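Novice: Fold the stuff below for me.
(2 chains)
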Protein chains: 2
Amino acid sequence: MRDMPHVLMITLFFIGVEGFLDYLRQLDCSEVEVYAIPEGSIVFPRVPLIRVEGPVGVAQLLETTLVNLVNFASLVATNAARHRIVAGNSKILLEFGLRRAQGPDGGISASKYCYMGGFDATSNVAAGRLFGIPLKGTHSHAFVSSFMSPDEIVEKSLRSADGLTSCEDFLGLVQSWLNKIQRTKVLSGGFGDTNLSELAAFTSYALAFPANFLALVDTYDVLRSGIPNFCAVALALRDLGYEAMGIRLDSGDLAYLSCQARKCFQAIEKEFEVPGFGKMSITASNDLNEETLDHLNKQGHEVDAFGIGTYLVTCFAQAALGCVFKLVEINNQPRMKLSEDVSKVSIPCKKQCYRLYGKEGYPLVDLMIGENEPAPKVAERILCRHPFNESKRAYVVPQRVEELLKCYWRGSPVEMREDMLPLKDIRDRCTRQVAQMRPDHMRRLNPTPYKVSVSAKLYDFIHFLWLNEAPVGELQ
Amino acid sequence: MRDMPHVLMITLFFIGVEGFLDYLRQLDCSEVEVYAIPEGSIVFPRVPLIRVEGPVGVAQLLETTLVNLVNFASLVATNAARHRIVAGNSKILLEFGLRRAQGPDGGISASKYCYMGGFDATSNVAAGRLFGIPLKGTHSHAFVSSFMSPDEIVEKSLRSADGLTSCEDFLGLVQSWLNKIQRTKVLSGGFGDTNLSELAAFTSYALAFPANFLALVDTYDVLRSGIPNFCAVALALRDLGYEAMGIRLDSGDLAYLSCQARKCFQAIEKEFEVPGFGKMSITASNDLNEETLDHLNKQGHEVDAFGIGTYLVTCFAQAALGCVFKLVEINNQPRMKLSEDVSKVSIPCKKQCYRLYGKEGYPLVDLMIGENEPAPKVAERILCRHPFNESKRAYVVPQRVEELLKCYWRGSPVEMREDMLPLKDIRDRCTRQVAQMRPDHMRRLNPTPYKVSVSAKLYDFIHFLWLNEAPVGELQ
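Specialist: Here you go, the predicted structure:
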């Protein structure tokens, strides 16, 4: 930190509350520099995500804001990336969490950082508008149950997709398709009557959104009602040149129901000679999380898109991330927070941080060195030491060296700082970095810990300082 | 719902996007009525917290907003109340969660609803300003480690509490007390030297806030450094008529350290004849939650106040509450969402909701009845039935009947609605309601489930409707 450290407290005492408020009024970040690892990067415990330099009073006032903004954003982006890894790249992942998020901003933040972590779209319209995230959603159960019967549909005509013709009785067309489906017994569950209020809801939705017909099929009974009703409407739409978007399953055995739905669509394709109908998109939702995705994969399923809410946006499996903000140097003097718990001991000094890559292109180790030490060089051997465990050390010959901390704020005028990238580019960086990791670091069960190290010089200094600061114990 | 249900979708189809936007522009809540159980009340699964009546399009637009606002607020208030129950009413509970909360609003919401649920204060200054919640906090580890030595303290004079005298060398006074403490060996850990940069930090803090001296004592070593340094500053302050506020422990074995700290304070009281010093307040923090509070109680401790953050504000033990918003009636027709999972089946119809109290003043059962059924009456026997389990039913003779849903919004002009109480009054209601519950409903392990029931008439109607809506299965 570059300035007098104790101005804040002593000023308060002598100048009183008004003087302190004046001091606060004239504060700004013109003497602050902020270095950070670029957003969307993979990071590891102990490597500083952000380094703040400046007058201690100002830096302290930034603490809670920075920690609050970094903690949840990093947590939920990580959670999204984990869901993406389990789901695989071929699936569409939709964030559906706003209603269960921790407050309105919890929802907005979650939508933004889930997209960054690898989701494809959100149902949160405000987040879509604020950040340009693609929007995807379906209708609600309430929409279906708000209908009583097909008689409620007053205006039944629908213009064809090419605009050339118009079907005066789209409802009649739907009903005739439903009769054909039932008569030919093409669907296994389609022997009895379907729920006609559901048919009315689907027809009404298709009349309003003929090019975006995605039906929630589990309000009454998926196989006996939802799927036959959906197929009738989808086939009627097809007669007018529209392609239905698919179905959403929101309850029950998603593996079984998705496979049954796929069979139904394939049977329709075959029976009525409608090419491509068998590939109709199936979206699944209902309290999904990493575990359920993993189990669905093991069981086998026919789901194309997952809508994930509660477990994703609240990070249910671990609802908080423990990033902290520690003083590491003041007036060129290194400072260190001690603790009986080694994981809480901070690494002193203003540091440079590097990621060293190996021959196969994977990151090998992150390395922290003192401010004035020479940077590690490509093809030069360097000793990397575990910061606290004496025996853990390794020589590394990096094939590529990446400096991690970039300058994002340098007082005023703002110059020589990194560009802030568009969200989409940050998302791409995240996807690239996840793909670039060695697989054993990323596996769900017993992953190999990624190594975080310090230079030999920094190692020695940490341990010299530690012994110097800690009182010697006395057993009695 | 009082209005034409399907206006929204059909309008969209015929009037196009611009017409739909015009429709949205003229929307308001003038035809909406909102009934709710007053904020700060204890509520149970299945009893509606809020009933919204109005045009279906408007009511549907309110869904996500209401569910988002109710879910996290109810969850975190419940979590706070649970912490209060475990801590007991004699302890001070401080909410310290902003830096780990799920985004900035997650933190603000948490501060507000933790106070409502029974916490005494927050360290979140914005929440204090917005809602009038008492503010409490201490200094950081960084404040302590920003000091190198007592030489950094330039201005050492301190005026006495009564303003009559001034101590020109407060630091010298502190140092003389530290010498006395070390010479008399009154403190068990106080044989060696304490950390003098810590002593400088405490002295500087006391100079700035002589009437609010609360020291974080675990930056270097609680028993060998933090406590002796604190006692020296507290005794020096006492010479000038100030009373120190106490210490905060933020790591290590809180049960042991708090007991040792208490012994130190009592030894100081005795050795130097300072009445009341033994009762010095001890605050504990460091990843506390319901479980750790319970274990501390079992071990025995001397903590007076708990600062609780991460586990409280993120509701770590269960990070989401699953309130939903369901259509129960439209155009005077009851609607019901079916599911293979009984817990997801909604109870149809616009309902009246009551809480029935027994002879001993405890709530006995919540009862939902149809809109047109007569309200339950004091001293009149009424049959209460489990909504889905045929054999669970009981006659109840209430000694008191409380109507749960009150009107909070009745279109425009806004009239005849309940007052919105100040936060403090809502907090009081919450505390009263928790205290009023029968203890076996509130115990942590295997609590007796509180009964939620429907009238015999509503029971029959639910089951008639269910059989009517659900397709009959067919085994093949």
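Novice: residues from the stretch 101-250 of chain A in reach of chain B?
Specialist: The stretch 101-250 of chain A comes close to chain B at residues A:101-110, A:140-143, A:145-148, A:152-155, A:188, A:191-195, A:204-205, A:207-208, A:218-221, A:224-225, as judged by C-beta under 8 Å from any C-beta of the partner chain. Yep, even glycine has a C-beta here, placed from its N, CA and C like the rest.
Novice: Just the buried subset of these, please.
Specialist: By the neighbour-count criterion of 16 or more other C-beta atoms under 10 Å in any protein chain shown, these include these buried positions: A:101-110, A:140-143, A:145-148, A:152-153, A:194-195, A:204-205, A:207-208, A:218-221, A:224-225.
Novice: Restricted to helices, list the residues you listed.
Specialist: Residues of these located in helices (DSSP state H): A:103-110, A:141-143, A:145, A:204-205, A:207-208.
Novice: wait, doesn't residue A:99 sit right on residue B:72?
Specialist: No - shown here, residue A:99 and residue B:72 do not form a contact pair, counting by C-beta atoms under 8 Å, at 10.0 Å.
Novice: Which one of those two is surrounded by more residues?
Specialist: residue B:72 (30 against 26; other C-beta atoms under 10 Å in any protein chain shown).
Novice: wait, is the more buried one part of a helix?
Specialist: Yes - under DSSP: H, G, I helix; E, B strand; the rest coil, residue B:72 falls within a helix.
Novice: so what's it up against?
Specialist: By C-beta atoms under 8 Å, 6 or more residues apart in numbering or on different chains, the contact list for residue B:72 reads A:101, A:102, A:103, A:106, B:106, B:109, B:113, B:315, B:320, B:321.
Novice: Tell me how far it lies from residue B:434.
Specialist: 20 Å (C-beta to C-beta, to the nearest Å).
Novice: Excluding covalently adjacent residues, which one is nearest to residue A:398?
Specialist: Leaving out its chain neighbours, the residue that sits closest to residue A:398 by C-beta to C-beta, 6 or more residues apart in numbering or on different chains is residue A:356, at 3.8 Å.
Novice: and if you look at residue A:365?
Specialist: Closest to residue A:365 by C-beta to C-beta, 6+ apart is residue A:451, at 4.3 Å.
Novice: The spatially closest residue to residue A:392 that is not a sequence neighbour: how many residues sit nearby?
Specialist: Spatial nearest neighbour of residue A:392, excluding adjacent residues (C-beta to C-beta, 6+ apart): residue A:386 at 3.6 Å. Number of residues near residue A:386 (other C-beta under 10 Å) recorded here: 15.
Novice: now swap in the one 10 residues further on and tell me
Specialist: A total of 19 residues lie near residue A:396 under the criterion other C-beta under 10 Å.
Novice: show me the contacts for it.
Specialist: Contacts of residue A:396 were listed using C-beta under 8 Å, 6+ apart, and they are A:356, A:364, A:365, A:367, A:376, A:381, A:382, A:383, A:384.
Novice: just checking, the residue nearest to residue A:398 touches residue A:377?
Specialist: No - judged on C-beta under 8 Å, residue A:356 makes no contact with residue A:377 at a distance of 10.3 Å.
Novice: Overlap in contacts, the two.
Specialist: Residues touching both residue A:356 and residue A:377 (C-beta under 8 Å, 6+ apart): A:398, A:401.
Novice: Which one of these two is surrounded by more residues?
Specialist: residue A:356 (22 against 11).
Novice: Doesn't that one belong to a strand?
Specialist: Yes - Residue A:356: assigned to a strand according to three-state DSSP.
Novice: OK, contacts around it?
Specialist: Applying C-beta under 8 Å, 6+ apart, one finds that residue A:356 lies in contact with A:363-367, A:376, A:382, A:384, A:396, A:398, A:400-402.
Novice: tell me the pLDDT at it?
Specialist: Residue A:356 carries a pLDDT value of 98.
Novice: In chain A, what residue lies closest to chain B?
Specialist: residue A:105 (3.0 Å; C-beta to the nearest C-beta).
Novice: Make sure that residue is actually in contact with residue B:105.
Specialist: Yes - the pair residue A:105 / residue B:105 is scored as a contact, 3.0 Å apart, by C-beta under 8 Å.
Novice: where does the most centrally placed residue in chain A land on pLDDT?
Specialist: When C-alpha atoms, centre = their mean is applied to chain A, the residue found nearest the centroid is residue A:114 (2.3 Å). The model reports residue A:114 with a pLDDT of 98.
Novice: I'd guess it is in a helix, am I close?
Specialist: Yes - assessed with three-state DSSP, residue A:114 lies in a helix.
Novice: Flag the shaky bits of the stretch 151-300 of chain A, pLDDT-wise.
Specialist: Applying pLDDT under 70 to the stretch 151-300 of chain A picks out residues A:188-191.
Novice: Give me the distance between residue A:117 and residue A:74.
Specialist: Distance from residue A:117 to residue A:74, by C-beta to C-beta: 10 Å.
Novice: Give me the residues contacting stretch A:358-378.
Specialist: Contacts for stretch A:358-378 (C-beta under 8 Å, 6+ apart): A:42, A:44, A:46-48, A:347, A:349-357, A:382, A:384, A:387, A:394, A:396, A:398-401, A:403-404, A:436-438, A:450-455, A:457-458, A:461.
Novice: In a markdown table, list the contacts of residue B:72 along with distance to residue B:29.
Specialist: A markdown table is the format used below for those (distance: C-beta to C-beta, whole Å):
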| residue | distance to residue B:29 |
| --- | --- |
| A:101 | 23 |
| A:102 | 26 |
| A:103 | 22 |
| A:106 | 25 |
| B:106 | 27 |
| B:109 | 23 |
| B:113 | 24 |
| B:315 | 30 |
| B:320 | 27 |
| B:321 | 25 |
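Novice: Looking at these, which one is closest to residue A:213?
Specialist: residue A:101 (28.3 Å; C-beta to C-beta).
Novice: what's the closest non-adjacent residue to the closest one?
Specialist: In this structure, residue A:101 finds its nearest non-sequential neighbour in residue A:107, 3.5 Å apart by C-beta to C-beta, 6+ apart.
Novice: Could you list the domains of chain A?
Specialist: A:34-49+A:332-469, A:78-313 (automatic domain parsing).
Novice: among the ones you listed, which is the most enclosed?
Specialist: Among these, the stretch with the highest mean neighbour count (mean count of other C-beta atoms under 10 Å in any protein chain shown) is domain A:78-313, at a mean of 20.
Novice: can I get the domains of chain A in JSON lines with distance to residue B:302?
Specialist: Putting the domains of chain A into JSON lines (distance: least, C-beta to C-beta, whole Å) gives the following:
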{"stretch": "domain A:34-49+A:332-469", "distance to residue B:302": "20"}
{"stretch": "domain A:78-313", "distance to residue B:302": "34"}
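Novice: picking up where we left off before, show me what contacts the residue nearest to residue A:365?
Specialist: Residue A:451 neighbours (C-beta under 8 Å, 6+ apart): A:364, A:365, A:366, A:384, A:386, A:394.
Novice: Helix, strand or coil: sort out the third one for me.
Specialist: Using three-state DSSP, the three-state assignment for residue A:366 comes out as strand.
Novice: With the last one instead?
Specialist: Per three-state DSSP, the secondary structure class of residue A:394 is strand.
Novice: just so I have it, where are all the helices in the stretch 51-200 of chain A?
Specialist: Along the stretch 51-200 of chain A, counting by DSSP state H, counting those that start in this stretch, helices occupy A:56-87, A:103-116, A:125-131, A:141-145, A:170-184, A:196-208.
Novice: Sorry, wrong one. I was asking about the stretch 201-350 of chain A.
Specialist: Under DSSP H, counting those that start in this stretch, the stretch 201-350 of chain A gives helices at A:227-239, A:254-272, A:290-299, A:310-313.
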